[in-house]
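In: curious how this folds, go ahead:
(one chain, ligands or ions: 1)
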Amino acid sequence: MKTAARMPFSHRHDDRSRQGALIRSPRMSLLRSKEGDSQQVKLDRLIQYARGHERALVLTHDNPDPDSIASAVALAHILVRMAGMEAIVAYGGIVGRAENRALVRVLKLTVVPIARVVFGDNDLICMVDTQPEQGNHSLPARHFPDVVIDHHPERPETRLAPIADVGGEIGATSTVIAEYFRASGLEMPPHIATALYYGIKADTRDLGRQTTPADVDAYLWLFPIVDKEALAEIEHPRLPLEYFQLYHTAIERALVYEHAVVCDLGEIYVPDMVAEVAERFLFLQDVKWSLAFGEYEGQLYFSLRTSDRRMNAGRLIRDVIEEKGGSAGGHGSMAGARVPLRGLGPPARARLEQELVQRFLKEFGVKTKKGRRMV
Ligand SMILES: [Mn+2]
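Out: Numbering: from 1, shown residues only. Okay, the predicted model is just below:
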C-alpha cells in the first residue's frame, strides 16, 4: 500500500497556512459525505470548504473520457460561481478519441495539459472520476487532493481527503456533479449541460449499463438544455485515417478463445483506442469477455469489458495487473489498466504480454490453449 509513503498532509502546513480558520486534522474527515446526505448538504460542505481558497485546480484522470472532462468543467464552473474562486481544468496524457476531442472543440471547453499547470498557483486541488490511489492520474505524489468526487468504488486513501464524495452505484461522475448543479440553483449553461449529458450517456452506454435512477434523473433534467446540434457533432466526429488502420489491425489480430476475445493492438496512436476496441469486440456473438491491449509511449494499456453481470471486471483486472507493478481500476462491467514497460527489451515485453494474456484467460475460465482468428 502506498498510503504510508505518501504523507498526504505534509505539504498543507507550509503552503496553506493562510487558511488558518480551517483546522487541518483528521477531524476534517467529518466533511466526508455519508450515504443519505442530500446533495444540498454535500454542496454546502464543498462550497464552505472552498471559500477559504483562491484558485482551484480540477484534475481529470489521464487520457480523459467524456465523463471526467464534463465533471471537471462543471465542477470548476460551480467553484467559480459559488465560492468566488478562479479555477482551471487539467488532464494528464492526451485527449485521444475523436469524440472526446470533438467534445472539447465543439463546446469550447477550457482544459489544459497538466504540464502547463504551476502547482504553486493553486491552493485547492480537486480530482474527479478517479481517486488518489487509482494510479490513472498525473497528480504528483507530493500533492494530495482536497476534494475527490468519483463514482468508482472507494479506495482507502481517499478517506484522507477533506472533502470526498465517492463510490456508490452511480453510473457516472457527471451524474453526481449534475446533482450538485441542480442543488446550487445556478443557471445551467448549455455547453455544460451538453458535456454532462454526454458524460452520462458515454459511461452508461445510453443508460443501458450500470445505471441508477439518479443517472436517469440527471439525464432527463439535462436533456432540454442540451445543445442538440453540438451533441450530434460530438457523437459522430470525423475520424483520422489511423482509426481505420488500427481497426483493420484489430480485426486481423483478434483471437477468440471460447467466450473471450483478446486483441493485441501493438503500437497504438492514442491510448484510449484499447477501450474503443475492447468495447466493440464485446458485441461479437457469444462473447462474455473482451480484452484489448496496446503500447503507447512506453506503457502497455489494457481495457477489459464483460457482459456477464455476475462478474467484476474492475476487481479482476486489479488482481492480474497490480502484481505486475501496474495500476488498474474500474468497476463491474468495464475496467482499464496500464503497466510500465521501461527497461524491457522486445523479447521481455513479448514474454510479459504472453504471461498476462494467459493469466487473463485463466480468470475468464477459458480452457482452450489456442485462439481462433476472427478473420
Ligand atoms: Mn466515469
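In: wasn't D206 part of a helix?
Out: No - assignment of D206 by DSSP: H, G, I helix; E, B strand; the rest coil gives coil, placing it outside any helix.
In: what residues does the stretch 201-350 of the chain put near the ion?
Out: Neighbours of the ion within the stretch 201-350 of the chain, by C-beta under 5 Å from the ion: D203. No exception for glycine: its C-beta is placed from N, CA and C like everyone else's.
In: so which residue of the stretch 201-350 of the chain comes closest to the ion?
Out: Taking C-beta to the ion as the measure, the stretch 201-350 of the chain has D203 as its residue closest to the ion, at 4.5 Å.
In: tell me the spacing between that residue and S290.
Out: According to C-beta to C-beta, to the nearest Å, D203 stands 17 Å off from S290.
In: got a pLDDT number for the residue nearest to Y49 when sequence neighbours are not counted?
Out: Distances taken as C-beta to C-beta, 6 or more residues apart in numbering put I163 closest to Y49, at 5.4 Å, once the chain neighbours are dropped. Per-residue confidence for I163 comes out at a pLDDT of 97.
In: can you name the residues bridging to I163?
Out: On the basis of DSSP bridges, I163 is bridged to V147.
In: wait, it sits on H53?
Out: No - with contact defined as C-beta atoms under 8 Å, I163 does not count as touching H53 (11.4 Å).
In: any common contacting residues for the two?
Out: Common contact partners of I163 and H53 (C-beta atoms under 8 Å, 6 or more residues apart in numbering): D146.
In: so where do the strands sit in this protein?
Out: Taking DSSP state E, the strands of the chain run over residues 55-59, 86-91, 112-113, 124-128, 147-150, 163-166, 255-257, 260-267, 289-296, 299-306, 327-330, 334-340, 372-373.
In: any chance of CSV for those strands, columns distance to A74?
Out: Compiled in CSV, those are given as follows (distance: least, C-beta to C-beta, whole Å):
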stretch, distance to A74
strand 55-59, 9
strand 86-91, 10
strand 112-113, 17
strand 124-128, 9
strand 147-150, 10
strand 163-166, 14
strand 255-257, 41
strand 260-267, 32
strand 289-296, 28
strand 299-306, 26
strand 327-330, 22
strand 334-340, 22
strand 372-373, 44
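In: in CSV: these, plus mean neighbour count.
Out: Compiled in CSV, the strands of the chain are given as follows (neighbours: other C-beta atoms under 10 Å):
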stretch, mean neighbour count
strand 55-59, 25
strand 86-91, 21
strand 112-113, 12
strand 124-128, 27
strand 147-150, 26
strand 163-166, 24
strand 255-257, 18
strand 260-267, 20
strand 289-296, 26
strand 299-306, 25
strand 327-330, 22
strand 334-340, 23
strand 372-373, 10
